[in-house]
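Q: quick one, fold the following:
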Amino acid sequence: MIYESEYAAYQQLKLQALQGDLNAGIRQADEGQLVDSETAFNALI
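A: Down below sits the predicted model:
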């Protein structure tokens, strides 16, 4: 069992990681470092 405060802290860490990833992507886009969807999704397959 996990305490509510620990779960909230875990959720906050996940949110911060997501925000960091989004900000990194925005910076790359601002710098013109874009890839098309086919290239991006091929890396996932």
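Q: for the rest of this, base every contact and every neighbour count on C-alpha atoms.
A: Will do.
Q: just checking, which helix or strand of this protein averages the lowest pLDDT?
A: Ranked by mean pLDDT, DSSP states H and E, the weakest helix or strand in the chain is helix 37-42, scoring a mean of 87.
Q: pLDDT wise, what is Q19 at?
A: Q19 carries a pLDDT value of 97.
Q: which helix or strand contains it?
A: Assessed by DSSP states H and E, Q19 sits inside helix 4-30.
Q: name the helices or strands packed onto that helix?
A: On a contact count with 3 or more Cα pairs under 8 Å, 6 or more residues apart in numbering; DSSP states H and E, helix 4-30 meets no helix or strand.
Q: now do that helix: distance to the chain's middle.
A: 6 Å (Cα atoms, centre = their mean, to the nearest Å).
Q: ok, stretch 27-45 next?
A: That offset, for stretch 27-45, works out to 14 Å (Cα atoms, centre = their mean).
Q: which residues sit against that stretch?
A: The set of residues external to stretch 27-45 that reach it, using Cα atoms under 8 Å, 6 or more residues apart in numbering, is empty.
Q: between the two ends of that stretch, what distance do you get?
A: 25 Å (Cα to Cα, to the nearest Å).
Q: and that stretch, what's buried?
A: By neighbour count with 16 or more other Cα atoms under 10 Å, stretch 27-45 contains no buried residues.
Q: follow-up on the earlier one: just the CA trace of the least confident helix or strand of the chain, in PDB.
A: Only the C-alpha atoms of helix 37-42 are listed here, as PDB (Å, rounded to 0.1, in the frame of the first residue of the first chain):
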ATOM      1  CA  SER A  37       5.900  12.000 -38.500                       C
ATOM      2  CA  GLU A  38       7.100   9.000 -40.500                       C
ATOM      3  CA  THR A  39      10.700   9.500 -39.200                       C
ATOM      4  CA  ALA A  40       9.500  10.000 -35.700                       C
ATOM      5  CA  PHE A  41       7.300   7.000 -35.600                       C
ATOM      6  CA  ASN A  42       9.700   4.700 -37.400                       C
END
